[in-house]
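Provide a 3D model corresponding to the input given below.
(2 chains)
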Amino acid sequence: MLQINYIRENKEQVLARLAIKNFKNFNLVDEIIHLDENRRQTQSKLDAISAEANLAAKQVGDLMRQGKKEAVEVIKINTSALKEQIKTLGDELTKLEEQLQQQLVLLPNLPHISVPKGVGADDNEIIFEHGVKPTLATNALPHWELAVKYDIIDFELGNKITGAGFPVYKGKGAKLQRALINFFLDRAEAAGYSEVQPPILVNEASGFGTAQLPDKEGQMYHVGLDNLYLIPTAEVPITNLYRDVIVKEEDLPIKNCGYTPCFRREAGSYGAHVRGLNRLHQFDKVEIVQVAHPDQSYQVHDEMSKYIQNLLQALELPYRVLRLCGGDMSSHAALTFDMEVWCAAQARWLEVSSVSNFETFQSNRLKLRFKGKEGKAQLAHTLNGSALALPRIVASLLENNQTEKGIRIPKVLVPYTKFEWID
RNA sequence: GGAGAGGUGUCUGAGUGGUCGAAAGAGCAAGCCUGGAAAGUUUGUAUACUCGCAAGGGUAUCGAGGGUUCGAAUCCCUCCCUCUCCGCCA
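Numbering: from 1, shown residues only, chains lettered A, B, ... in the order given. This next block holds a predicted model:
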């Protein structure tokens, strides 16, 4: 959520920046500014009248002590009119605040200056590419067939238990999952991230805090009886750890990591490009989250990007880094890098990580602030990135590392899997 | 699920209708003291909105929302949450 003060004082810049995200509803911005104007006027009026009423109440107290009953009666008559006005203005103010909030929530975040214009995935900038795409034998298999061949992931069983998009990992498949989670967590810990194990069901306030609600309601599984949501990413509970918190400036940046399963409804996505592990309703992910000082958040963003790339290099996977264009990035982010790994058998890039700086877009909703020794509390910046999402890493490992002998496990993982081959 | 207790500032904790943004203590910060530190001592120590160039002023906030009253942290109602005991249970 953008800050109203900023919009008020920088309308032209706001419009220009929003245009890069292909947001053209300029009327909305005008409407917001108008509502805000109204709100402030109403606030002032209300405050003045409240002050008058407070004064009258104080006078009654004094007069009562002096026993001047008649004078008290006079004041009482006068204040009844004030009370009515307070009620009317108060209701009006509440209404205006609600309207303002509703409209404000509709505005996307302003993109960073480095964000290229563009409408979709084709306009993303490839800013880095690393590794050599493996050359596979002609009889190479996509990962969903390898999964069957080595009996490590059972999609059919998942269908029976739950439905499509909920695979069952078996044997070395299950162990590989566990190995990856531990590997990712160990790496994150070594890089200074404190591990947390958060709830995977969250309430509405948390969903609102990180901006999944209200607009992405349909993407999350909702437990109606208790009005809770299954998390689509650990970003939600981990970032919400700092909701309504004022942290010490010297404690920044705050670095957390956590492993959780993630749940996404992915309504409307079916077909060949979502086969196998390519897109699931439930998957595992290790997430890194930082709360940063506004002056340092882009440095932090770079550092997170490098950290994620190191993981991919350690896993020996060919990858590339994209700078998302205005049209393809999430409406909440100011800057996003996507990391994609090469899946040799499918001959396509798959996104395994997305690292974003949200600047104050989330912290404004979260009321996540920091404060130095002097000066006012101000909004912190929030960032997060996948480090990493498991299924597509597994897909890529299976496809790229398939040989006659079986599937080779990358060296760094062997201490975790305790086996070198899936065969 | 049943019965009871309770939700106050960074924390502990007082406050049952007016002088309460809120005692006291702790913590924290600054000053004094000290060779330096501890102890001692003094002062300060919430957030948001709003008016103002500023100094400063106004308003709101004692779990949330309503109500009673000239006036509510204090009384009434609803909801949420926490704790204790019982039941159930990994």
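
The residue of the stretch 151-300 of chain A found nearest RNA strand B: what secondary structure?
Residue nearest to RNA strand B within the stretch 151-300 of chain A: A:Ile246 (6.0 Å; C-beta to the nearest atom of the strand). In short, each C-beta sits where N, CA and C put it, glycine included. Following DSSP: H, G, I helix; E, B strand; the rest coil, the label given to A:Ile246 is strand.

That one contacts A:Ala377, correct?
Yes. Counting by C-beta atoms under 8 Å, A:Ile246 touches A:Ala377, with 5.1 Å between them.

Spit out the residues that contact these two alike.
Listed as contacting both A:Ile246 and A:Ala377 by C-beta atoms under 8 Å, 6 or more residues apart in numbering are A:369-371.

returning to that earlier point: now do the contacts for the residue of the stretch 151-300 of chain A closest to RNA strand B.
Residues near A:Ile246 by C-beta under 8 Å, 6+ apart: A:369-371, A:377.

burial measure for the single nearest residue of the stretch 251-400 of chain A relative to RNA strand B, as a count.
Per C-beta to the nearest atom of the strand, A:Ala377 is where the stretch 251-400 of chain A lies closest to RNA strand B, at 4.3 Å. Applying other C-beta atoms under 10 Å, we find 14 residues neighbouring A:Ala377.

what pLDDT does it get?
Listed pLDDT for A:Ala377 reads 82.

which phi and psi does it have?
The phi and psi values for A:Ala377, taken as degrees, to the nearest 10, are phi -70, psi 130.

Give me the below-cutoff pLDDT ranges for the stretch 251-400 of chain A.
Applying pLDDT under 70 to the stretch 251-400 of chain A flags the ranges A:268-273, A:373-375.

partner residues bridging the residue of the stretch 151-300 of chain A closest to RNA strand B?
In this entry, A:Ile246 is beta-bridged to A:Arg369, by DSSP bridges.

contacting residues for A:Glu250?
Counting by C-beta under 8 Å, 6+ apart, the residues that A:Glu250 touches are A:Gly372.

before we move on, what SS does it have?
Three-state call for A:Glu250 (three-state DSSP): helix.

Quick check: it vs A:His112, distance?
Distance of A:Glu250 to A:His112, computed by C-beta to C-beta, to the nearest Å: 26 Å.

need the residues of the stretch 201-350 of chain A near RNA strand B, please.
For the stretch 201-350 of chain A, the contact set with RNA strand B under C-beta under 7 Å from any atom of the strand comprises A:Ile246.

Show me the strands in the stretch 201-350 of chain A, by range?
Assigned by DSSP state E, counting those that start in this stretch, the stretch 201-350 of chain A shows strands spanning A:201-202, A:222-223, A:228-230, A:245-248, A:254-263, A:282-292, A:319-323, A:335-343, A:348-357.

Which one of these lies nearest to A:Val14?
Smallest distance to A:Val14 across the strands of the stretch 201-350 of chain A (C-beta to C-beta): 16.9 Å, for strand A:335-343.

Tell me the gap between the closest one and the middle of its chain.
On the basis of C-alpha atoms, centre = their mean, to the nearest Å, strand A:335-343 is displaced by 16 Å from the centre of the chain it belongs to.

A:Lys149: what's it in contact with?
Contact analysis of A:Lys149 by C-beta under 8 Å, 6+ apart lists A:Leu141.

For it, grab phi and psi.
The phi/psi pair for A:Lys149 (degrees, to the nearest 10) is phi -60, psi -40.

Read off the pLDDT value for it.
95.

do A:His222 as well
For A:His222, the model assigns a pLDDT of 88.

And for the nearest residue to it once chain neighbours are set aside, the neighbour number?
Closest residue to A:His222 apart from its sequence neighbours, by C-beta to C-beta, 6 or more residues apart in numbering: A:Tyr229 at 5.5 Å. Neighbourhood size, A:Tyr229 [other C-beta under 10 Å]: 23.

what does A:Trp349 give?
Neighbours around A:Trp349, by other C-beta under 10 Å: 20.

Show me the beta-bridge partners of it.
A:Trp349 forms beta bridges with A:Trp342, as assigned by DSSP bridges.

do you know how far it is from A:Lys133?
Using C-beta to C-beta, we find A:Trp349 at a distance of 10 Å from A:Lys133.

Mind listing the shared neighbours of those two?
By C-beta under 8 Å, 6+ apart, A:Trp349 and A:Lys133 have these common neighbours: A:Trp342.

Now do the helix or strand harbouring A:Tyr6: everything it contacts.
Counting by DSSP states H and E, the element that carries A:Tyr6 is helix A:4-9. For helix A:4-9, the surrounding residues in contact (C-beta under 8 Å, 6+ apart) are A:14, A:29, A:32-33, A:36, A:100, A:104, A:107.
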